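Asker: below: sequence and its predicted model.
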Amino acid sequence: MEIIKITLPDGSIKEYNKGITVLEVAKGISEGLARVALGAVVNGKTKGMQETIDEDAEVRIVKFEDKEGKRIFWHTSAHIMALAVQRLFPDVKFAIGPAIDDGFYYDFDTEHRFTPEDLEKIEKEMAKIVKENHTLERFVMSRNDAIKYFKDKGEVYKVDLIEHFPEDEEISFYKLGEFTDLCAGPHLLDTKKVKAIKLLSIAGAYWRGDENNKMLQRIYGTTYQKKKDLQAYIDRLEEAKKRDHRKLGKELDLFSMHEQGPGFPFFHPKGMVIRNILEDFWKEEHKKRGYGEIKTPIVLNEELWHQSGHWDHYKENMYFTEIDDNDYAIKPMNCPGSILIYKSNMYSYRDFPLRLGELGLVHRHELSGALHGLMRVRSFTQDDAHIYALPSQVKDEIKAVAELADYVYNVFGFKYHVELSTRPEDSMGTEEQWELAINSLKEALEEQGIDYVINEGDGAFYGPKIDYHLEDAIGRTWQCGTIQLDFQMPERFDLTYVDNDNEKKRPVMIHRTILGSIERFMGILIEHYAGKFPVWIAPVQAIVLPISDKFNDYAYEIKQDMEEKGLRVDIDDRAEKIGYKIREARLQRIPYMLVVGEKEVEGKLVSVNKRDEGDIGQFAVDEFINKVIEKVENKE
């Protein structure tokens, strides 16, 4: 029997017979670990407990707390839901059922229209299936046998999937009770760990995401090992609904979406205040760090996009137009424009690093069903920058970008984690270029002591990337900043500089964003703060509330004093009771409510009611103004 070596995360090496299962490896470490283990990451690939290890491997056992463990758990839960649906609605045809970030879904084709009452029935059937404690059995078939198997069952969507697989590919299946699904896995060993089940919603979804195909019914759900963890998730969902940026955007009069421009946001005056603050902050910090600001056109000719590679790798996401009988594209990315600016000059090694920043408006075609407020739009402004550097400067430049990202995210109160994404299947360039680029990113992160996880195969088509995932106030994560290392574009566009040996050489190109896009970052901020923006960002920083109209003149004096100091102030001089005015101001999430009456007029004071604290006492007007200015300047 052939012996293989298993390297564990602590560096220890164990020897096993080839073909040992993940379960047996876990038991070899400890019986306790085996009881809570859901699978393992084996040489970068996630495997279920029942799968075998057939070569020397680095192995990390995963539990529910791990990202990979959750995906195994939720992928199996999708199969449990599919079996429940099959039992309750025998005529159903099955499409796909993957794990997603917070659970799973499955797409079904059936004449029956699912209702909320159906979800309750499916949940009960899922609980029954779990109690039956089925083992998930994996087996394989040839491509032709798999097609015949599903044709005989009338599963047209499974047949369609298999027909797009390579001719010689062996197809894997998982059997759960009387439900057998085409599936690459991985899965739980059995169903008994799925103790808490909640089906969340029903939605429509086109087969293969194509509007020309049939609309299927998609059921979303989530599951947990413990009921208390499920309840905590449901509570978080309720909190997320209250924070929904689309709801708050309307209530706070920040932005709107209109059917005349689906996916194209309209910003209102108060929304523009926030947007301009973000852009001004961005410009100020980049100027400090030696970036020159540029602006490039939105429309550029089609030939440019062939040269950049976007035509081959990104065409389906682009918009096109015709000008003077020539074909043009509306830019989905800013990099080719930056490159054209680079090419308009000659450079020597002394000019590097060259840092060019652009708040660039881009357009990308998103399916209508994927559009979501400011989070998923068709036009957005990327806070882009492109750094042209000598190979010897790359590491230091990446470290400088990482320091900038850390500063910006801390200003807004975000924790974050970092992922390093490697070469995708659809990519440009040589193996050597990719290896050099990936190692450069790794070294920069490690030298700064930044922990990161590897995200295999998720890099851009022209280079690997570092992604920043921000954690908001209720524990959700959002992918924002990115740093991408690119050896391809300089070659495609013949970018050169003269080195100190008088030879022409190629610069390295670093693409990077910090906020990601202004629109999406605004949406994240609205939800992160629940509309209660820090005073430096708040569209209205204070509102003056006269107790009656005889104090209006004093109220307008205070407003004028504050505005002259650069503060954003409103006034509510309606003939309403003061309690009503305070409640209205609270609904608008205004940081400070300044109540003025007879005592305030006599003493040249303001009575300050703070957003989340209530009455905090009286202050001299100048004293209060200085306190607010200090908070704004310190970005508290």
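Answerer: Structure received.

Asker: quick check: residue 382 is in a helix.
Answerer: No: note on residue 382: no helix contains this position according to DSSP: H, G, I helix; E, B strand; the rest coil, which reports strand.

Asker: hey, what's it bridged with?
Answerer: Partner residues in beta bridges with residue 382, using DSSP bridges, are residue 360.

Asker: how near is residue 335 to residue 438?
Answerer: Using C-beta to C-beta, to the nearest Å, one obtains 20 Å as the distance from residue 335 to residue 438. To be clear about C-beta, it is placed using only N, CA and C from the backbone, and glycine gets the same treatment.

Asker: when those two are compared, which one has more neighbours?
Answerer: Comparing residue 335 with residue 438 by neighbour count (other C-beta atoms under 10 Å), the higher total belongs to residue 335, at 23 against 20.

Asker: list the contacts of the lowest-mean-pLDDT helix or strand in the chain.
Answerer: The weakest-scoring helix or strand in the chain, judged by mean pLDDT, DSSP states H and E, is helix 310-314 (a mean of 83). Contacting residues not belonging to helix 310-314 are listed as 302, 305-306, 318, 329, 332-333, 336, 426, 428, 461 [C-beta atoms under 8 Å, 6 or more residues apart in numbering].

Asker: what strands flank the next helix or strand after it, and is each parallel or antiparallel?
Answerer: Under the assignment DSSP states H and E, the closest C-terminal helix or strand after helix 310-314 is strand 319-323. Paired strands of strand 319-323, with direction, are strand 326-330 (antiparallel) (DSSP bridges).

Asker: who touches the strand it pairs with?
Answerer: 298-302, 304-305, 310, 318-322, 363.

Asker: so which bits of the helix or strand just after it are buried?
Answerer: Taking DSSP H and E as the definition, the helix or strand that follows strand 326-330 towards the C-terminus is helix 335-343. Going by neighbour count (16 or more other C-beta atoms under 10 Å), the buried part of helix 335-343 is 335-339, 341-342.

Asker: go through those and name the one nearest residue 85.
Answerer: residue 335 (45.2 Å; C-beta to C-beta).

Asker: pLDDT weak spots in the stretch 251-400 of the chain?
Answerer: Applying pLDDT under 70 to the stretch 251-400 of the chain flags no residue at all.

Asker: all strands for it, in order.
Answerer: With DSSP state E, counting those that start in this stretch applied, the stretch 251-400 of the chain shows strands at 255-256, 266-267, 292-293, 299-301, 319-323, 326-330, 354-363, 379-389, listed in chain order.

Asker: gap between the last one and the chain center?
Answerer: Spelled out, that is strand 379-389. Relative to its parent chain, strand 379-389 has a centroid offset of 18 Å by C-alpha atoms, centre = their mean, to the nearest Å.

Asker: going forward can the numbers begin at 109, since that is how I track them
Answerer: Right, with 109 as the first residue, what we last looked at is strand 487-497.

Asker: which strands or helices does that strand pack on?
Answerer: Under the contact criterion of 3 or more C-beta pairs under 8 Å, 6 or more residues apart in numbering; DSSP states H and E, the helices and strands touching strand 487-497 comprise helix 443-451, strand 462-471, helix 502-519, strand 616-621, helix 626-636.

Asker: name the residues of it that come out as buried.
Answerer: 487-497.
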